[in-house]
Structure formats: C-alpha cells, structure tokens
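A.B. asks: Give me the fold of what follows.
(one chain, ligands or ions: 4)
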Amino acid sequence: MALNLTRRKFLQTASLAAATAAMSGCFANRANASTPFVKKPFTAPGSFADTTTAVGGVCEMCFWRCQLVGKVRDGKLVKLEGNPKSIDNGVSICARGNGGVKLLYDPDRLKFPMKNVGKRGAPEWKRISWDEALDECSTKLKAVIDKYGPHGIAIFPHGSSAKYPMTFFEHVVGTPNNSEASFFQCRGVRDMAYVATLDTAPDENVDMANAKVIFLLGGHFGENVHVSHVKRYLKGLENGAKLVVVDPRFSASAAKAHTWVKIKPGTDTAFLLAIMNHLIKTGKYNKAYVEANGEGFDKFKAGISHATLDWAAKISDVPAKQIKEVAEMLAANAPNVSIHPGRHVTWHGNDFQRERALACLTGLLGAIGVKGGFVKGKGPKVGKSGWPKVNVEHAEAHALHHMAKKHQFSPPGTPTDMIRETAVTGKPYAIKGYVGWGQNPIQTIPDQPLTIKMLQQMDFVMVCDVMPTDITMYADILLPESSYLERYDMIKTGVQWDLSGKQEQYIAARMPLVSPTSADHERKDSVWIVNELAKRMGYGQHIPVQSELEMTNKILAGANLSVEQLVKEDGIHVQPGVDPYGAVLKVKFFSQDVADAGFPGVPTYIPVPEPPKGFARLVYGRAPVHTFNRSMNNVWLMNEMPENPVWLNDESAKKMGLKDGDRIELVNQDGVKSETSSVVKVTPGIRKDTVYMAHGYGTKNPAMTVGVGKGIDDQSLITKRVVDPETGANGMRNNWRDDTAGKLTNSIYGGMP
Ligand SMILES: Nc1nc2c(c(=O)[nH]1)N[C@H]1C(S)=C(S)[C@@H](COP(=O)(O)OP(=O)(O)OC[C@H]3O[C@@H](n4cnc5c(=O)[nH]c(N)nc54)[C@H](O)[C@@H]3O)O[C@H]1N2
Ligand SMILES: Nc1nc2c(c(=O)[nH]1)N[C@H]1C(S)=C(S)[C@@H](COP(=O)(O)OP(=O)(O)OC[C@H]3O[C@@H](n4cnc5c(=O)[nH]c(N)nc54)[C@H](O)[C@@H]3O)O[C@H]1N2
Ligand code: SF4
Ligand SMILES: [Mo]
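C.D. replies: Ligands and ions are numbered 1, 2, ... in the order given. Down below sits the predicted model:
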C-alpha cells in the first residue's frame, strides 16, 4: 500500500531517521561531565592575550549546526568563531552564529523552573524547585495517560535537544501526535515528494559548486543563510554557473541572477510543467537517462502535453519567451545543473505536486549522480543511542492520518492540523496533554486562535525552552534548558568534496564551551530532565543513557571515537570520504503509489485562489540576521534588524500615497489587524499583487524585553489555513494584505492598483 511503502522508504532515507536513531547504552561518566574542554591558549597578539580557545562547539542558532570554537576569558565566553578544523563551515559563521554569545548571557533567559499561578496566555510565574516541577509534570501527564491513553498527549518538538524527549514520548509513552515544525511547516513535503519520485529524500544535496546552472525556485540564499550551503552556492557562481531565480520578489539571490523570473506566487507548478513539456516536445531532454531509468514516462508525457508555453505564461505571468529561455538554458547545460529542491516548501497547499515536478525535472535532465546535479555524498558511520521501542504499536494504531486514511504521504509524526482539530473537537479521541520542546507554535503554525484554543482545552501544558518566547506564556510548568553552548547533545556528521576538492567525511560532537552551572540559575539539559520525568512516570527501566555525555560517547563509539579523542582532534574528526558521483536513481515520472492514494500520479498544477480585488498576497521569508522568532531578544541581532519592513511595489505605493519608511499596520482578508506596526519598504523589486515581510517578528511576551512589540508577526495575519492534501502540511501563503482598509492608526491605505 502506498502509505506504508512510502513511509518506510522515507524512514530509510530521510536525515531525520539518522538523527533520531543516533542516540542508548552506557559509558563511564567523566567526574564532571559538563566541564568545558579548554584545549589551548589563544595565541593572537593583543587584548585577548589571556583568552583560551574552547573546542567542540556546535552552533544551534539555527538548525545547520556549524562547528565552532569559543574564546573564553575568566570562564566567560567572549567570542564565537568557526572551528578552523571544520571542512564544512570552516572559520566562517553567520551573524546569528556570532550572536550566540548574547543568547548565552541574555538576562531575560529562563533561569528556574516556574509554575504558572495565573492564566494560560496571561501567566503569573512562581519559582519552584526542580523536584516540585518534575513531580507536577509527571503527575499531570500520567493522569492524562491514565484517563485518555498515551494518545492523549501531543508533542511539539524542534531542534537537536528535542530528539530525546520526542523519542521518549513516541517510543516509550506511545503517542503518535508529534508535530515536528521541521516537517509540517518546513521541508517534510519536499522529502516525501522526492521519496515518491526518486526514492530518496534530498536534504539540500545538489552539487551547486560544480554546476553550470543553479536553478532556485523560491530559495533566497543570502537571506536564507546556512553557511556551508551558501558557500557551495557562491562557489558555483564563482566557477561561472548561471543562476536562475524564480521568485515574485527581487531577493538577495535574484540580485545575483542571470535570469530573474518574477513569477506570480502559487503558479510555479505550471511554470515547471511548461519547461518539461517544451523539453519533451523539442526532444531536448536526456533520452538515454529517461529510457534507462524513467518509470511511467509515456503517461507523464501525455499528462503534461497541455502545458504549453502560452498556457503557463497566462497562469504564471511569466512571458512565454522567458519560460522557453530557461528551459533551453537548462537543456544546453544538462546534466550539470542544480535543480534545487528548496527547504521551506509549505507555501500554497499545492506543494507536493510542485516538489514532484522539481524531482521530475531533475530526472528529465538526467541531472542525477553527475557533477553539478543531484548528488548525495556518503556520510560516516556512527553508532546509535535512543529510547527502546516499547509502545510504538499503540502509537501506530492511533495515528490520526492512518485512521482517517488521509494524507497518505505525510511525513513522520501527525499533521499539525489534525492534532489541533482532534484536540478541539475531541474526535476521534481526546488530546489533553501538551509537551512543547524547542518549538514556538504560536508563531510557527497558521491560525493562532486555533492553536490557542488547543492549548486552552488541555488538562496540562508543559514547555521546555531557553527563552520566554510566546509559547511559554501558555505553559502550566515552564522548564529552563541549558543552551547549546553549555551542553553536550547529539553529534553532527557531514561530507564534502565540493568545497576543497578533496573527498572527506567529518564527525563533530556538541560539547560545552562554558560551564552550565552558575549561582544565578538552575538550568538542566534534556537528558537529565527527561530521565527524571521518565523515572517519576514509571518508565525508569527504559532509560537508555544516564547523561548527555554518555549519549554522545555511545554514538561516537560506533565510529571508534570518544569525546576524549575528539577533543584531541580539536573537536572534529576528519576521515577520507568516498566518490559521491555515479549514483543512478529511478525516476517515477508517473507514480502509481500517488495515483493509488487518490492523488494525481502525474505532477499537476492545482490553481490556488486569487486575492480578492484590492488585496495583495502576503508572502514571507528569512531575515538574514535572525532565526524565526527565537533570536528576537538578541541585542546584537536586533540592533542589525530591529523590525521587518513590509515590501510594497513602488507603483502601488505611489497610488496609495505611501513613501519608503512610512509606518504601517496591516489588515488581512478576515479583518485581522496586526497588533504592531512596521515600516514600508517601497521598491520596484516586488510584484504588484504581492507584499513581503521577514518572518519571526512581533513577539507578544513582555518577558522578551528586547524583542517585544518589534515588527509585525506574519503568522498573526495567516488566518486562512490551507492543507496540502497528500502530506497534511500547512500552506501559509494564501492570505492577503488588505490595501483598501482606509485610514488606520499611523498608516494610510489606498486602493491597490
Ligand atoms: N537567516 C536565516 N536563515 C535561515 C533560517 C532563518 O531563520 N534565518 N531558517 C532556515 C530554515 S529552517 C529554512 S526551512 C530555510 C528556508 O529558506 P527558503 O527555503 O529559502 O524559504 P523561505 O525563506 O520561506 O523563502 C522565501 C522566498 O520565497 C519567495 N516566494 C514566496 N512565494 C513564492 C512563490 O509562490 N513562488 C516562488 N517561486 N517564490 C515564492 C519569497 O519572496 C522569498 O524570497 O532557511 C534556513 N535559513
Ligand atoms: N509564518 C511563517 N511560519 C513559519 C515559517 C515562516 O517562514 N513563516 N517557517 C517555518 C519553518 S521553515 C520552520 S523550520 C518553523 C520553525 O519553527 P520553530 O522551531 O517553532 O521556530 P523558532 O522560532 O526557532 O522556535 C523555537 C523555540 O525553541 C526555543 N529554543 C531555542 N533553543 C532552544 C534549546 O536549546 N532548547 C529548548 N528547549 N528550546 C530552545 C526558542 O526559544 C523558541 O521558543 O517555522 C515554520 N513556520
Ligand atoms: S548557519 Fe549561522 S546560525 Fe546556522 S548553525 Fe551556522 S553559524 Fe549557526
Ligand atoms: Mo525550516
């Protein structure tokens, strides 16, 4: 059956599988497990003469996990840098990586376990001891499990320290209700669509450094910053790659592009189908690759034959001539072309089909296993550690999407929307316990009122975080975690052949750069917290490791390494890699599995609703110096970009009487008004039917004293929900900014031309 087959394959291939599997067992603890490793004195001349370099840092200001060293003076971290030993990011880190120092010492950081003696959403905090906090969490969660079953719990995890609690609740407690932001609001659709087409999830594995053409659909590198990824992209450009950027906005990438395709949002699949149809009709595709490896090609060819250049031009508002030019540029340089699979891909609710189209285009050009193409390097072998699978049958039996036979291509976990709907309706079962760990669903998931309704109907809400972001306002018990600079957790492995030309693999482990203990707080790491909870809940016998250090060592042991050894190697073990080229993948141009599940088996353009007259579509993207909402209290980063300007087309602005820098508020199609304001950025670099802003701003929690009220929260305006039918993921670009609302406080709106 499509569902099981696809999900099993996904688990075999997706990077998450490696990440969750990578954790159990026992290893001798060091006397003081959290002592940072100070390797050698810092030798540069000048004011840092008394500074030492601590090795073994791995960044978590975003999820790319660049390798760091820390400059430490008198036990205090004064500066972060890329680890010179790194073959990934090297000595480079981004602004956010640098800003980690300010997260570490942020006076607003969570310090002690807290109990909410006020209301959810309007908390009053009382400091309590860890014993009290853990007793209350275990009693309340146990009560939910006893009354409603393990599936009465929902978990909302994200980030590396959330893997341990996540697998505890999934494998041991036995809940299927896991809403991972990184899947349902980020890249899950991409991974599932590629598995359905090429039998493997892509990560971002395109060989951009060696490409003749780099093709980005909605990716905006430079604003989206993942250091080694950006390096690969820039290396490709340095090497002379042509760049095609498809984006309704003149993004940082569009600014470097040879061809900027100013597409109408939501219509990308039509554009892709026309490119492929043109290549087939003119015989400019890789016939040898397709004949040898294509499946269902004739059905595909017939199924997209309607997609002429003119057809797509009308839909996507891209001139037929430009679509043809892009198609021919790709064909002329094939197979050495990087068709980038994207990363944040939950856009309009027609996303699985678009991602299938991207994978098919890759196959049609034969851009697989060759220089510049879709190339998956083979990473190093490491050990495993993790919670045993005690109650997974229960979880499987209560998986909502299985029960409803819906969203058969949903990524691991349960679609967020199904969890919320189930919680608020109680159907098919009650969900009454919420566990949040490193995710801020208030600003991550559309329809904030529904998320809040879900939280309000819970019997118990537990949140573990480092900062008082908006989700923490809804906690009954709030637990403070030590930061990524003060703890061990997980390892980071990788591979490169393209940055240095040498084929290599690496293994790095996150180690503390500074001590986690201090007189002014009682923060703990996730292994300690979850183990203490597990013991109290009666699952103590399943505990796989006693400490994060033990977990790390267990995983490293699979590579004949240890933390001690890694320290000797300056925090990163580098070993020879293998030739990444030569892989041949079958390409399901027509997918029987997708068709059997009741969805179009040939990639299909599904139109999305048009904005009502006078409205413009609201789209969003990355702030180059911020990570979502999590960095909104960081003084260095806020200083760089204190709010998120709203991009507005210059001609529209003129007609509306708005000037660059005017302060505005926004109203959406449901009459929802932004609670805060921002400035308008007047530019010809955006379509008239589109407005844009960086995501993550508009924090409401007054405990975030730096970030509160700064900029506009895009998510608060995303009230119209759209669900991608194949995967259950939320499309988030189906909302509109109202430009006919007349006069608002501090702002002037005119009719949209
Ligand atoms: N600085 C920084 N970098 C980050 C992150 C961060 O928080 N900060 N987060 C990381 C994470 S988790 C992710 S998933 C990635 C995400 O990074 P990307 O995958 O690049 O995704 P977005 O930032 O959502 O992309 C937004 C771009 O898509 C364009 N766009 C909007 N609608 C459409 C459309 O219909 N069609 C097309 N073709 N384009 C459209 C927007 O104008 C914008 O330029 O970034 C990563 N890198
Ligand atoms: N409107 C809109 N919505 C989006 C997106 C968008 O562009 N626009 N992007 C989507 C994408 S691609 C993604 S990946 C998701 C991201 O969604 P989230 O993961 O929810 O985003 P963050 O803002 O990073 O929130 C993470 C939470 O983790 C906390 N945290 C940080 N470090 C730690 C730690 O070490 N331990 C613990 N316990 N907590 C920690 C932060 O303080 C914050 O409360 O959002 C998605 N939602
Ligand atoms: S890209 Fe920047 S924030 Fe992300 S891990 Fe690397 S240095 Fe840290
Ligand atoms: Mo993401």
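
A.B. asks: Okay, and the spatially closest residue to I529 that is not a sequence neighbour sits in which element?
C.D. replies: Spatial nearest neighbour of I529, excluding adjacent residues (Cβ to Cβ, 6 or more residues apart in numbering): L479 at 6.1 Å. Glycine gets a C-beta too; all of them are placed from N, C-alpha and C. For L479, the host element (DSSP states H and E) is strand 477-480.

A.B. asks: Show me what that strand is packed up against.
C.D. replies: strand 114-116, helix 130-148, strand 460-465 (3 or more Cβ pairs under 8 Å, 6 or more residues apart in numbering; DSSP states H and E).

A.B. asks: The spatially most central residue of the chain: what secondary structure?
C.D. replies: Residue closest to the average C-alpha location in the chain (Cα atoms, centre = their mean): S182, at 4.2 Å. Secondary structure, DSSP: H, G, I helix; E, B strand; the rest coil: S182 is helix.

A.B. asks: Touching, it and G188? I think so.
C.D. replies: Yes. S182 lies in contact with G188 (Cβ atoms under 8 Å); the separation is 7.5 Å.

A.B. asks: Residues of this protein that sit close to ligand 3?
C.D. replies: 59, 61-62, 64-66, 89, 93-94, 96-97, 225-227 (Cβ under 6 Å from any ligand atom).

A.B. asks: rerun at 8 Å
C.D. replies: 58-66, 68, 82, 89, 92-98, 100, 225-227, 627 (Cβ under 8 Å from any ligand atom).

A.B. asks: Pull the contacting residues for the residue lying closest to L585 once chain neighbours are set aside.
C.D. replies: With sequence-adjacent residues excluded and distances taken as Cβ to Cβ, 6+ apart, L585 is closest to L198, at 4.7 Å. L198 makes contact with A359, T362, G363, I368, F374, L585, K586, V587, K588, according to Cβ atoms under 8 Å, 6 or more residues apart in numbering.

A.B. asks: same question, V230
C.D. replies: By Cβ under 8 Å, 6+ apart, the contact set of V230 is F221, G222.

A.B. asks: Let me know the distance separating it from P624.
C.D. replies: Distance, V230 to P624, by Cβ to Cβ, to the nearest Å: 10 Å.

A.B. asks: Same check on H542?
C.D. replies: In terms of Cβ to Cβ, H542 sits 43 Å off from P624.

A.B. asks: In terms of neighbours, single out the busier of these two.
C.D. replies: P624 (19 against 16; other Cβ atoms under 10 Å).

A.B. asks: Now that one: closest residue in space that isn't a chain neighbour?
C.D. replies: E223 (4.7 Å).

A.B. asks: Would you mind confirming that the one you found is in contact with H626?
C.D. replies: No. E223 is beyond contact range of H626, at 10.1 Å (criterion: Cβ under 8 Å).

A.B. asks: quick one, which of those two is more surrounded?
C.D. replies: H626 (28 against 16).

A.B. asks: What sits closest to L478 if chain neighbours are left out?
C.D. replies: Nearest to L478 is M114, by Cβ to Cβ, 6+ apart, at 4.4 Å.

A.B. asks: quick one, what contacts the one you found?
C.D. replies: Taking Cβ under 8 Å, 6+ apart as the test, what M114 contacts is W125, K126, R127, I128, A133, A475, I477, L478.

A.B. asks: could you flag which of these are buried?
C.D. replies: By neighbour count, with 16 or more other Cβ atoms under 10 Å, the contacts of M114 hold W125, I128, A133, A475, I477, L478 as buried.

A.B. asks: Test my guess that the first one contacts F112.
C.D. replies: Looking back up the chat, that one is W125. No. Contact criterion Cβ under 8 Å: W125 and F112 do not qualify, at 9.1 Å.

A.B. asks: in what helix or strand does the residue of the chain found nearest ligand 3 lie?
C.D. replies: Using Cβ to the nearest ligand atom, the closest approach of the chain to ligand 3 is made by G97 at 2.5 Å. Here G97 sits within helix 95-98, counting by DSSP H and E.

A.B. asks: quick check: mean pLDDT across that helix?
C.D. replies: On average, the pLDDT along helix 95-98 is 98.

A.B. asks: Likewise for stretch 616-629?
C.D. replies: 95.

A.B. asks: Show me what counts as buried in that stretch.
C.D. replies: 616-629.

A.B. asks: is that stretch up against ligand 2 anywhere?
C.D. replies: Yes. Interface with ligand 2: stretch 616-629 contributes Y620, G621, R622, T627, F628, N629 (Cβ under 8 Å from any ligand atom).

A.B. asks: Specify the local secondary structure of the fifth one.
C.D. replies: Right, the one you point to is F628. Classified using three-state DSSP, F628 is coil.

A.B. asks: now G366: how far from P335?
C.D. replies: From G366 to P335 the distance is 4 Å (Cβ to Cβ).

A.B. asks: between those two, what contacts are shared?
C.D. replies: Joint contacts of G366 and P335 (Cβ under 8 Å, 6+ apart) are N286, Y289, G373.

A.B. asks: Among those, name the ones in helices.
C.D. replies: Y289 (DSSP state H).

A.B. asks: Tell me the residues of the chain that contact ligand 4?
C.D. replies: Proximity of the chain to ligand 4 (Cβ under 5 Å from the ion) is limited to residues C186, H344.

A.B. asks: number of nearby residues for the spatially closest residue to L104 that is not a sequence neighbour?
C.D. replies: Residue nearest to L104 in three dimensions, not counting chain neighbours: L485, with 5.1 Å by Cβ to Cβ, 6+ apart. Neighbourhood size, L485 [other Cβ under 10 Å]: 27.

A.B. asks: okay if I get the buried ones among the contacts of M114 as JSON lines plus pLDDT and distance to G413?
C.D. replies: Output for the buried ones among the contacts of M114, formatted as JSON lines (pLDDT from 0 to 100; distance: Cβ to Cβ, whole Å):
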{"residue": "W125", "pLDDT": "98", "distance to G413": "30"}
{"residue": "I128", "pLDDT": "98", "distance to G413": "31"}
{"residue": "A133", "pLDDT": "98", "distance to G413": "26"}
{"residue": "A475", "pLDDT": "98", "distance to G413": "21"}
{"residue": "I477", "pLDDT": "98", "distance to G413": "23"}
{"residue": "L478", "pLDDT": "98", "distance to G413": "24"}
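
A.B. asks: and which of these is nearest ligand 4?
C.D. replies: A475 (23.4 Å; Cβ to the ion).

A.B. asks: and the closest one, what is it in contact with?
C.D. replies: By Cβ under 8 Å, 6+ apart, the neighbours of A475 are M114, N116, R120, P123, G436, V461, M462, V463.

A.B. asks: cool, L485 as well?
C.D. replies: If you count contacts by Cβ under 8 Å, 6+ apart, L485 has them with G57, G70, L77, L80, G100, L103, L104, P512, L513, V514.

A.B. asks: for it, phi and psi?
C.D. replies: Note on L485: backbone dihedrals following degrees, to the nearest 10 are phi -90, psi 0.

A.B. asks: V574 too?
C.D. replies: phi -120, psi 130.

A.B. asks: Give me the number of neighbouring residues for it.
C.D. replies: What V574 shows, counting by other Cβ under 10 Å, is a neighbour count of 18.

A.B. asks: quick one: the closest residue to it other than its chain neighbours from ligand 1, how far?
C.D. replies: Nearest residue to V574 in three dimensions, chain neighbours excluded: Y506, at 5.0 Å (Cβ to Cβ, 6+ apart). Plainly put, Y506 is 21 Å away from ligand 1 if you go by Cβ to the nearest ligand atom, to the nearest Å.

A.B. asks: Confirm for me that P165 is in contact with H158.
C.D. replies: No. Here P165 does not reach H158: they are 11.1 Å apart, not a contact under Cβ under 8 Å.

A.B. asks: so what sits against both of these two?
C.D. replies: The contact lists of P165 and H158 share W437, where a contact means Cβ under 8 Å, 6+ apart.

A.B. asks: pretty sure E651 is in a helix, no?
C.D. replies: Yes. Using three-state DSSP, the assignment for E651 is a helix.

A.B. asks: From Y429, how far off is the residue of the stretch 1-150 of the chain found nearest ligand 1?
C.D. replies: Here the residue of the stretch 1-150 of the chain nearest ligand 1 is C62; by Cβ to the nearest ligand atom that distance is 5.1 Å. C62 sits 35 Å away from Y429, going by Cβ to Cβ.
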